[in-house]
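**Student:** Could you work out the structure for the sequence below:
(chains A and B)
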There are 2 protein chains.
Amino acid sequence: MNMLNVPEYVRTLGLQAKQASVQMARADAATKNKALRALARKLRAVGGPLAEANAQDLARAEGAGLSAPMIDRLKLTPKVIETVALGCEQLAAMPDVIGEVIGMKQQPSGIRVGQMRVPIGVFGMIYESRPNVTIEAASLAIKSGNAAILRGGSEAIESNKALAQLVSESLAEAGLPVDAVQLVQTTDREAVGQLIAMPEFVDVIIPRGGKGLIERISRDAKVPVIKHLDGNCHVYVDDTAELDMALKIVDNAKTQKYSPCNAAEGLLVAASIAETFLPEIGAIFAAKGVEMRCDPAAARILREGLHAPASSVVDAVESDWSEEYLAAVISVKVVEGVDEAIAHINRYSSHHTDAIVTRDHMNAQRFLREVDSASVMVNASTRFADGFEFGLGAEIGISTDKFHARGPVGIEGLTSLKYVVLGQGETRS
Amino acid sequence: MNMLNVPEYVRTLGLQAKQASVQMARADAATKNKALRALARKLRAVGGPLAEANAQDLARAEGAGLSAPMIDRLKLTPKVIETVALGCEQLAAMPDVIGEVIGMKQQPSGIRVGQMRVPIGVFGMIYESRPNVTIEAASLAIKSGNAAILRGGSEAIESNKALAQLVSESLAEAGLPVDAVQLVQTTDREAVGQLIAMPEFVDVIIPRGGKGLIERISRDAKVPVIKHLDGNCHVYVDDTAELDMALKIVDNAKTQKYSPCNAAEGLLVAASIAETFLPEIGAIFAAKGVEMRCDPAAARILREGLHAPASSVVDAVESDWSEEYLAAVISVKVVEGVDEAIAHINRYSSHHTDAIVTRDHMNAQRFLREVDSASVMVNASTRFADGFEFGLGAEIGISTDKFHARGPVGIEGLTSLKYVVLGQGETRS
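**Tutor:** Alright, predicted model coming up:
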């Protein structure tokens, strides 16, 4: 591809996607589900060619000295392949929301007015390393009746090409346009710049990756971006929290896995129970090697009450309240009560997911209403903020924006509602 | 205000709006409705001071040689004031959607997941001439629990200031923060540039005005824009249309009023009924002085069958198919049938509002599903595309975008849905 004119190539993908999107919007549920089931079958059957492509990527990654976690994310193990194949089948089994009409009501003029759910059109997806995202994005595009242009990481290019080939075959087998899902076949970075600047072909961009990548794309994009910046999530343990429940939830939210965006990065504890609760959670954290960055009140209680290495309790600095550690670190602060907790969260959280543990109905309601985050929870672990756990069937990303889609984004986030008016000859007077 | 630092001034408005938005989001329905009813009362009672402010604007406009329609739009007649006062009362009487929780369902893990409707936060509104928009925007902000920064046209500045004063008094009377609705008090153009570039304070910009203004704002804004570009709306008369109904609808869609964005600018007629239908609608249009810009087939039929001035039938050029005339002009084309009609509309329409007149169920369904416009209609006049006619209670604008809000935008378009999770101590495994 030495002589490739990248902007022109990406514009061609855009035009083809736009054209394919018309047929995709029109496709019935049975046809789309046929393509999804074909894709699941092909994923399970492909064997050699996909393994070979993946091995090429892995060899190149090792040669380039990529980190072990990066290489791990590149691997298409049989388990990963089975998971994405299953995901396609689950999507095929879900009801089709395209074409549903909601809220149809008769108006005083006699016309009936409702809203019909239709695909957005074309989405561009920009992601890094994990090649299974290619299948997740492709299957969501098919189910939602959209066309998609996929731009994966250069380190996974061979795997992505092999997977995209299976997607094309599945679309063709079901009689859908193969251009409905296209992979950008060049790793040239110019392709991203072009992809995000074609409002005539692409309706929305969904980036998945580091904060830097997403900020860059949001800044330069000429189309809307469904963006997920960071996940600085909190658990607030209220005065009336049941201690056992609070311990279980805080422990799970922080330590079940450190890397996900819905893991807790901040712990707030009501002053009235801090003396009881903090030493107990502190012992659990210390045993697991979790460093606690504490405000003075929490530090005092933990240092006095905790039989654990002194090194696990550290004095917090201002920047700790805003940080997404994605590691065995948590910020800890004692607050007066629910008011101060809500104020702290609305100031420092990234508006991703925040939880309260409480028995108090009034405080629970205030927290739900006033915390300005995409997901707000009572008595549940922040780790539940996820498309599958929320019952969306699948997830193309998590939005920390308020506009259009907020929180985990599934099929509905890839649709829009148009007004439908049914009349019997009414005119406006 | 000679020494005013405009960017700093607008940033102060932004900060104040952001702070007020927290209290607005928390306000209960009764308090917001109290403010709306107070506003209605004050509008009816103010008399002199408002009339004087409006007279100042009118005198300046006349001195500056503004056109008669422009001056007309500036006028705050008793009728205009009564209409906006009534609008406030109607909003007060509507149910409050803030805080409603929809779709709460139990998930396999045991958590219950639903979505709560909450205000967007702060919206900036940029508009021209008509000062009554100040009250419409203010009342929608109050009802939807948002804060708003309003930037009206410089020609209406005195009227807008007088109206904004009434809004402030009404907010104060109800115990709501007066900064919930702020008018930009300077006519300096720099204020617009600053208002659209403060993502830390303003969540969305809603421009109302000419296409040039809206394109400029969309290009330069650093926050989402609910934009309404143009309204190139169509009526397609299908093979099986009832002639009387088709005549009534096409006539109403074009001639009931020429200036609204939902007036029809294009007429498509199925070939099988063109010979019957076109001369009849042509006679109506010719009698009302509507110029018809026709493709060759329509021109031939009209020239042969129409007993009207030859000057009313003109040969269309390519640009006619895309044009929003907002005048006594309509483009006319004979098409094979519903396929060609849909293709023509999806190519040339501005995705605002398009209607089919038909008795054929299949064609009606295809039109509704496949025409990619914000409002699609069967057997009704395009003039119905309006927040009041659609039962939204009020309208802050009409969106020709697919993202977030589409079509007439009412209270719901000024809200977002956050996920609410209710647990009993569930953790993720």
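**Student:** A:Asp28: what's its closest spatial neighbour, skipping adjacent residues?
**Tutor:** Leaving out its chain neighbours, the residue that sits closest to A:Asp28 by Cβ to Cβ, 6 or more residues apart in numbering or on different chains is A:Asp96, at 7.9 Å. Using the backbone N, CA and C atoms, a C-beta is placed for each residue, glycine as well.
**Student:** so that neighbour touches A:Lys32, yeah?
**Tutor:** Yes - because the distance of 7.1 Å satisfies Cβ atoms under 8 Å, A:Asp96 is recorded as touching A:Lys32.
**Student:** joint contacts of the two?
**Tutor:** A:Lys143 (Cβ atoms under 8 Å, 6 or more residues apart in numbering or on different chains).
**Student:** Neighbour count for the two, which is higher?
**Tutor:** More neighbours surround A:Lys32 than the other of A:Asp96 and A:Lys32, with 25 against 18 (other Cβ atoms under 10 Å in any protein chain shown).
**Student:** quick one, helices of chain A?
**Tutor:** According to DSSP state H, chain A carries its helices in the segments A:6-26, A:29-46, A:48-63, A:68-74, A:78-93, A:132-144, A:157-173, A:190-195, A:211-220, A:243-255, A:271-287, A:296-305, A:338-348, A:361-370.
**Student:** Just the buried positions in the longest strand seen in chain A, please.
**Tutor:** The residue-count maximum for a strand in chain A (DSSP state E) belongs to strand A:415-426. Of all the residues in strand A:415-426, those buried under the rule 16 or more other Cβ atoms under 10 Å in any protein chain shown are A:Thr415, A:Ser416, A:Leu417, A:Lys418, A:Tyr419, A:Val420, A:Val421, A:Leu422, A:Gly423, A:Gly425, A:Glu426.
**Student:** farthest pair in these?
**Tutor:** Farthest pair in those (Cβ to Cβ) is A:Thr415 and A:Gly425. Separation: 30.8 Å.
**Student:** Can you give the contact residues for stretch A:181-191?
**Tutor:** Counting by Cβ under 8 Å, 6+ apart, residues outside stretch A:181-191 touching it are A:1, A:4, A:6-7, A:9-10, A:13, A:16-17, A:134, A:137-138, A:141-142, A:147-152, A:154, A:157, A:160-161, A:164, A:167-168, A:171, A:195.
**Student:** One more: stretch A:202-215?
**Tutor:** Contacts for stretch A:202-215 (Cβ under 8 Å, 6+ apart): A:14, A:17, A:120-128, A:133, A:137, A:149, A:195-196, A:217-218, A:221, A:223-230, A:396-397, A:409, B:402-403.
**Student:** same thing but at 6 Å, please
**Tutor:** Contacts to stretch A:202-215, defined as Cβ atoms under 6 Å, 6 or more residues apart in numbering or on different chains, come from residues A:14, A:120-128, A:196, A:217, A:221, A:223-227, A:229-230, A:396-397.
**Student:** Could you pull up phi and psi at A:Gly210?
**Tutor:** Dihedral angles phi and psi of A:Gly210 (degrees, to the nearest 10) take the values phi -70, psi 160.
**Student:** Kindly tell me how buried it is, as a neighbour count.
**Tutor:** Residues contacting A:Gly210 under the criterion other Cβ under 10 Å number 12.
**Student:** cool, the one 5 residues further on as well?
**Tutor:** A:Glu215 is surrounded by 13 other residues when neighbours are defined as other Cβ under 10 Å.
**Student:** For chain B, see how far away it is.
**Tutor:** The spacing between A:Glu215 and chain B, counted by Cβ to the nearest Cβ, to the nearest Å, is 12 Å.
**Student:** Tell me the confidence at that residue?
**Tutor:** In this model, A:Glu215 is scored at 89, pLDDT.
**Student:** residues contacting A:Trp321?
**Tutor:** A:Ser331, A:Tyr348.
**Student:** quick one: it from B:Gly397, how far?
**Tutor:** Distance of A:Trp321 to B:Gly397, given as Cβ to Cβ, to the nearest Å: 38 Å.
**Student:** cool, and A:Ile396?
**Tutor:** 28 Å.
**Student:** higher neighbour count, these two?
**Tutor:** Taking other Cβ under 10 Å, A:Ile396 and B:Gly397 do not tie; A:Ile396 has more neighbours (27 against 24).
**Student:** Please tell me how far the more buried one sits from A:Gly337.
**Tutor:** Separation of A:Ile396 from A:Gly337 (Cβ to Cβ): 38 Å.
**Student:** Show me what from the stretch 251-400 of chain A comes close to chain B.
**Tutor:** Within the stretch 251-400 of chain A, the positions near chain B by Cβ under 6 Å from any Cβ of the partner chain are A:252, A:256, A:368, A:374-381, A:383-384, A:390-391.
**Student:** quick one: the nearest residue to A:Ser259 once chain neighbours are set aside from A:Val290, how far?
**Tutor:** Spatially, and ignoring its direct neighbours in sequence, A:Ser259 is nearest to A:Leu326 (5.3 Å; Cβ to Cβ, 6+ apart). Separation of A:Leu326 from A:Val290 (Cβ to Cβ) stands at 13 Å.
**Student:** quick one, which of these two is more surrounded?
**Tutor:** A:Val290 (20 against 15).
**Student:** so A:Glu158 touches A:Leu58, yeah?
**Tutor:** No - using Cβ atoms under 6 Å, A:Glu158 is not in contact with A:Leu58, being 9.5 Å away.
**Student:** any common contacting residues for the two?
**Tutor:** Listed contacts common to A:Glu158 and A:Leu58 are nil; contacts here mean Cβ under 6 Å, 6+ apart.
**Student:** gap between A:Ile102 and A:Ile111?
**Tutor:** 16 Å.
**Student:** more crowded one of these two?
**Tutor:** More neighbours surround A:Ile111 than the other of A:Ile102 and A:Ile111, with 23 against 11 (other Cβ under 10 Å).
**Student:** Go ahead and confirm that one touches A:Gly425.
**Tutor:** No - A:Ile111 is not in contact with A:Gly425 according to Cβ under 6 Å; the separation is 10.0 Å.
**Student:** Tell me which residue in the stretch 151-300 of chain A sits closest to chain B.
**Tutor:** Across the stretch 151-300 of chain A, no residue is closer to chain B than A:Asn252, which sits at 3.5 Å (Cβ to the nearest Cβ).
**Student:** how far out from the middle of the chain is stretch A:124-134?
**Tutor:** Here stretch A:124-134 shows a centroid-to-chain-centroid distance of 12 Å under the convention Cα atoms, centre = their mean, to the nearest Å.
**Student:** and what of stretch A:386-395?
**Tutor:** Per Cα atoms, centre = their mean, the centroid offset for stretch A:386-395 relative to its chain is 10 Å.
**Student:** pLDDT averaged over stretch A:221-237, what's the number?
**Tutor:** For stretch A:221-237, mean pLDDT is 91.
**Student:** Buried residues, it. List them.
**Tutor:** Under the neighbour-count criterion of 16+ other Cβ under 10 Å, stretch A:221-237 has A:221, A:223-237 buried.
**Student:** which ones among the residues you listed come in contact with chain B?
**Tutor:** Restricting these to those adjacent to chain B (criterion: Cβ under 6 Å from any Cβ) gives A:Pro224.
**Student:** what two of the buried residues of stretch A:221-237 have the greatest distance between them?
**Tutor:** Farthest pair in the buried residues of stretch A:221-237, by Cβ to Cβ: A:Val223 and A:Val237, 41.9 Å.
**Student:** contacting residues around A:Glu336?
**Tutor:** If a contact means Cβ under 6 Å, 6+ apart, then A:Glu336 has A:Ala271 as its contacts.
**Student:** so how far is chain B from it?
**Tutor:** Counting by Cβ to the nearest Cβ, the separation of A:Glu336 from chain B is 18 Å.
**Student:** Ignoring the adjacent residues along the chain, who's closest to A:Ile102?
**Tutor:** A:Gln115 (5.4 Å).
**Student:** for A:Ala316, that is, sorry about that
**Tutor:** In space, A:Ala316 is closest to A:Arg293, 4.1 Å off (Cβ to Cβ, 6+ apart).
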